[in-house]
Structure formats: C-alpha cells, structure tokens
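Asks: Sequence first, then the predicted structure:
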Amino acid sequence: MKKSLLIIIAGLIFANTNTMFAQQNVQQRPYIQIKQYINKNVLPFIKTQKESLTASLNENEKEVLKNIENDLEAFRNQGKQIRESMKGNYNESMAELRKKSFNAIIARADSLLAKHPGAVSAYKKAYSAEKEKWEKDLADIMPNRNGAPAKRGIIPRLENPSYALLWNENNNFWHYGQKNMRHAARKGMKNRMFTPETKEKIRKYAETNIIPVIEKEQKEFEKTLSKKELKKIEEARQLIAKRKDAVFAMWNDNGSRFQTGDSARLAMQIEMQKAMLPVREIALKHYSEIEKHISAIKENIPHWREEIMSIVSENTRFNKTNAKMPPFIHNKIKRINRPEAFLIFDKSVFERYAPANNSK
C-alpha cells in the first residue's frame, strides 16, 4: 500500500514538473521583459530628451558637457578596475568615495542646466507625462511584494534631467546612485563574508567537526539495512555526484548558470527523481529509526553554529551579534533534517565550496 502511494505521488510530481517547465519555456522571465520594455519605451525617450537638452546649450556649454561626459566615462572605467582588484572584498571607504565622486559629476551637469530653466521645464513636463504609464506597465510585468507599483531604478532617476543629458549608449550610468550604492554595499559585505579564505576555514571546520558526527550516525543506522537497500542508496549518491559534475560543466560551457527550463536540466531532474524514489521508500520503511539518528545530529547544531559564527566574526567585518550563518553551510546542515537526505549524505557536499571550485 505504501509503495503504491509513493508511486502515485511520484507520478503527480513528474506531471507537475513537465507542466511547470512547459510554462516557463512559453513565458519569459520578468526581468527579461522589463529590460525589453525599457529598451523599447524608455530609452527612446531618453535619446530624444538628450538631443533637446543638448540643443539648448551654447557652444561653450557643449564643451563643458563634453568634459563632464569624459569624466563620467573615466569614472565608469575606474569602477571596473576597482571591482576586479577587490576580488570579493568590500571597501566601505572606497564605496563612499565613489558615491561622492558620482554625485559631484551629476552636480556639474545640474549647474549647466540651471542656466536653461525653459528646457528643464519642458523636460519635466514630458517626463511627467510618461512616468505614470511606465510605472503602471512595469508593475503589471512584476509588481512589488505588497502589490504596489515597483520603483524601477532608471525611472525615478530620470526625474533629474541631468541623467538624460549625460546618457549615452555605452554608459548605463543610472546604476550609480545612492540606492544602488547601498545595494553594492550589501552585496560587497556578503562577498566579504564569503571570501575563498573564509570559505576554506569553514569547510575545514565542517570536515573536522560536522562530517564525522553525521557519518557516525549514518554508519550506525546502515547496519540495520539490507544489501539491496544499501545498493539503492549508493546508486542515488553516485547519480547526485554525476549530476553535480554535469551542472558545473554546463555552467562552464555557457559562461553562466543555465535557465531553469533547459531540457538538459529537466532530463536530469526526472532521472534524479526516479533514483530517489527507492531511497524515499527506504526512508518511509525505517522512518522512526532514522529520526533517532537525526535527533542525535541536531543536538550538535547549536554548538556548530556558535563555532562557525566565531570563524565569521574573526575573518570579516561582522561580529557575533550581527553575523549570519553562511547559507552554503547552513542549508547543507538544515537539509540533514530530511530522512532521505540523511540516507544519501556524502561528505563531498561540503567540498563544492573549496577554493578550487570557488568560481562555481
């Protein structure tokens, strides 16, 4: 009866998975749609307004504008060099300095336009006429979580005509702003926490303290399993390792993570679900015994968390009170709470974040 129920559930999972991926192939991701909308509707407005604002300047002012544009381009190129040199570390003082430099460039453009109130007034009138429609259309594509119209980064910035005046096709400068600097700061702090050196220290801690505890409970439980059950579990482990290698190979070939709806990934997921079905049957059969071993593992989690937080606080700008458990270790420990994850656990899951695989 239990086996029949599991087969029915697996069939429903396969059907829902096929439907989900079919829908994803038909519908584009919201971010792609937003980009296409901006390219089609917002950028033509910026180009037209840039021409109008530039035409209002005299020849001397146009030379000043050219100098400002050159400084903005140099600022952008400097940013690329800084990001490459930082290699995942976050320099708060540098971020603050760049924010001030960018605001100073915008202020120079503001001074130019302040001499032409008529052109500025015409721009703001044209902007107001388009803004409401843009925000409504973009909210239909991807609203905020509370259902309110989303404030897309480029549109609020365009309220200042200097952004349109300085725009060019090679310099998407609206990415530099106070809001985006805060985002860069958050991203930078995250990167600072997860530098290769910090990852390696956490991995070594897991290798010495976490993995032995899990393996001890796992081996103790495996004494109660038949050879056939052990074989099914080992087959699932090998398939997981094979799938992970294939995923990494695809990332390397494509230069980025492939889309969720790719047929190759769908095929791997279906293959994985088939391999995991016997493991879930074993987990269901021995559920109460597995829970005892999982409980023994969970008793250690508070201590592991405390020790890992010490590593984070010693190697980052965070202290124990505001540091968070790194997701790449937290998620793997949390996953052991599932009986089937306990059965197929392999220490190699912690090796993915070793420095050699850091780019993955």
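Replies: Here it is on my side, so go on. Model, not experiment: these values are computed from the prediction.
Asks: Tally up the residues packed near residue 35, please.
Replies: 12 (other Cβ atoms under 10 Å). No exception for glycine: its C-beta is placed from N, CA and C like everyone else's.
Asks: so how far is residue 130 from it?
Replies: 18 Å (Cβ to Cβ, to the nearest Å).
Asks: same question, residue 220
Replies: For residue 220, the distance to residue 130 - Cβ to Cβ - is 68 Å.
Asks: same deal with residue 80?
Replies: Taking Cβ to Cβ, one finds residue 80 at 32 Å from residue 130.
Asks: do residue 286 as well
Replies: In terms of Cβ to Cβ, residue 286 sits 64 Å off from residue 130.
Asks: go on, residue 122?
Replies: Residue 122 is 13 Å from residue 130, by Cβ to Cβ.
Asks: repeat for residue 348
Replies: Relative to residue 130, and taking Cβ to Cβ, residue 348 is found at 54 Å.
Asks: of these two, who's got more company?
Replies: residue 130 (15 against 12).
Asks: my guess is that one meets residue 45, correct?
Replies: Yes: counting by Cβ atoms under 8 Å, residue 130 sits close enough to residue 45 to count as a contact (5.9 Å).
Asks: now the helices: where do they sit in the stretch 101-250 of the chain?
Replies: 117-141, 154-157, 161-165, 178-193, 196-205, 211-222, 227-254 (DSSP state H, counting those that start in this stretch).
Asks: shaky segments in the stretch 51-200 of the chain?
Replies: 83-92, 143-153, 170-195 (pLDDT under 70).
Asks: Let's see that with 50 instead.
Replies: 145-150, 174-191 (pLDDT under 50).
Asks: ditto for the stretch 251-360 of the chain
Replies: 255-256, 258, 260, 353-360.
Asks: now the helices for it?
Replies: 263-285, 287-298, 301-315, 327-335, 339-344.
Asks: Of these, flag the one that's most buried.
Replies: helix 339-344 (a mean of 20; mean count of other Cβ atoms under 10 Å).
Asks: List the contacts of it.
Replies: By Cβ atoms under 8 Å, 6 or more residues apart in numbering, the surrounding residues in contact with helix 339-344 are 214, 217-218, 221, 233, 236-237, 240, 276, 279-280, 282-284, 286-287, 290-291, 293-294, 297, 335-336.
Asks: Could you chop the protein up by domain?
Replies: 2-25+194-357, 27-191 (automatic domain parsing).
Asks: In JSON lines: the helices of the stretch 251-360 of the chain, plus distance to residue 71.
Replies: Conversion of the helices of the stretch 251-360 of the chain to JSON lines gives the following (distance: least, Cβ to Cβ, whole Å):
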{"stretch": "helix 263-285", "distance to residue 71": "45"}
{"stretch": "helix 287-298", "distance to residue 71": "57"}
{"stretch": "helix 301-315", "distance to residue 71": "37"}
{"stretch": "helix 327-335", "distance to residue 71": "39"}
{"stretch": "helix 339-344", "distance to residue 71": "55"}
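Asks: so which of those helices gets nearest residue 40?
Replies: Closest to residue 40 of the helices of the stretch 251-360 of the chain is helix 263-285 (Cβ to Cβ; 29.4 Å).
Asks: just the angle between that closest one and helix 287-298, please?
Replies: Angle, helix 263-285 to helix 287-298, by axes from the mean of the first three to the mean of the last three Cα atoms, to 10 degrees: 110 degrees.
Asks: just to revisit the earlier point, nearest to residue 329 among the helices of the stretch 101-250 of the chain would be which one?
Replies: helix 196-205 (5.6 Å).
Asks: mind listing what's buried in the closest one?
Replies: 196, 198, 199, 201, 202, 203, 205 (16 or more other Cβ atoms under 10 Å).
Asks: then it to CSV, C-alphas only?
Replies: This file holds the C-alpha atoms of helix 196-205, laid out as CSV (Å, rounded to 0.1, in the frame of the first residue of the first chain):
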residue,chain,number,x,y,z
PRO,A,196,37.7,32.0,-0.5
GLU,A,197,39.8,32.1,2.6
THR,A,198,36.8,32.3,4.9
LYS,A,199,35.0,29.5,3.0
GLU,A,200,38.1,27.3,3.3
LYS,A,201,38.2,27.8,7.1
ILE,A,202,34.5,26.9,7.4
ARG,A,203,34.9,23.9,5.1
LYS,A,204,37.8,22.6,7.3
TYR,A,205,35.7,23.1,10.4
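Asks: Counting by contacts, list what that helix packs against.
Replies: Applying 3 or more Cβ pairs under 8 Å, 6 or more residues apart in numbering; DSSP states H and E, we find helix 196-205 packed against helix 301-315.
Asks: What angle do helix 327-335 and the helix it packs on make with each other?
Replies: 180 degrees.
Asks: Okay then, goodbye and thanks.
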